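Q: Following is a predicted model, sequence given first.
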Amino acid sequence: MIFLLTAGYGVACYKWGDWRRWRDFYGTILYVIIGDLTYQFVFSDYRLWIYTGFLGHTYTALIIAFLVFPPAVILYLRRFPSGFFKRALYITVWAFVNTLIEKFACMTNGLRYENGWSILSSFILFVIAFFLIWLHYKKPLLTWLLSLICGIACTIIFAIPSLL
């Protein structure tokens, strides 16, 4: 599953992405990677989701962080629309598609939810994440502050024992 995901995003980005502008997206790509690796560290003893494929959680998380997220961010930001309703629809479609990918990963035993996490939690996270990705591209400092607030809220909502 992880290899299909990596190849799929790579091919899509090669075909439809704007690699010439990768420097424009570089800071936001790093923001996404840092955010994910922060989750991996902070929630290491109380995961909300676990990659259960043959590579195990850690290696799968690293592959996703470094090989899936960069082309995904380039694809996502390249065609980001203007106008509130178009943006809301764009974010929702990206969240829905990524939720479907995650659902497939669960059905094929590549991913398992734990500690109160669910497919609905993932969809909500994707909506927030895709909004924050766009916002980071436009206003990085504000996004870091909002990300910190979201992270604290997540530790409270899911009662992360090591942090409370």
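A: Right, received. Where do you want to start?
Q: Asp45 falls within a helix, correct?
A: No - counting by DSSP: H, G, I helix; E, B strand; the rest coil, Asp45 falls outside a helix, being coil.
Q: what's the one helix or strand Leu30 maps to packed up against?
A: Per DSSP states H and E, Leu30 falls inside helix 22-42. Here helix 22-42 touches helix 56-63, helix 69-78, helix 119-138, helix 140-157, going by 3 or more CB pairs under 8 Å, 6 or more residues apart in numbering; DSSP states H and E. Every C-beta, even on glycine, is put in place using the N, C-alpha and C of the backbone.
Q: any idea which of the ones you listed is most buried?
A: helix 69-78 (a mean of 22; mean count of other CB atoms under 10 Å).
Q: Output the contacting helices and strands for that helix.
A: helix 2-16, helix 22-42, helix 119-138.
Q: mind exporting the worst-scoring helix or strand of the chain on mean pLDDT as PDB, just the C-alpha atoms?
A: Here the helix or strand of the chain ranked lowest by mean pLDDT, DSSP states H and E is helix 2-16, holding a mean of 81. Extracted in PDB, the C-alpha atoms of helix 2-16 (Å, rounded to 0.1, in the frame of the first residue of the first chain):
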ATOM      1  CA  ILE A   2       2.700   2.500   1.000                       C
ATOM      2  CA  PHE A   3       4.500   1.900  -2.300                       C
ATOM      3  CA  LEU A   4       1.300   2.500  -4.300                       C
ATOM      4  CA  LEU A   5       0.700   5.700  -2.400                       C
ATOM      5  CA  THR A   6       4.300   6.900  -2.900                       C
ATOM      6  CA  ALA A   7       4.300   6.000  -6.600                       C
ATOM      7  CA  GLY A   8       0.900   7.500  -7.100                       C
ATOM      8  CA  TYR A   9       1.700  10.900  -5.600                       C
ATOM      9  CA  GLY A  10       5.100  10.900  -7.400                       C
ATOM     10  CA  VAL A  11       3.600  10.200 -10.800                       C
ATOM     11  CA  ALA A  12       0.800  12.600 -10.300                       C
ATOM     12  CA  CYS A  13       3.200  15.300  -9.200                       C
ATOM     13  CA  TYR A  14       5.500  14.600 -12.100                       C
ATOM     14  CA  LYS A  15       2.600  14.900 -14.600                       C
ATOM     15  CA  TRP A  16       0.500  17.700 -13.000                       C
END
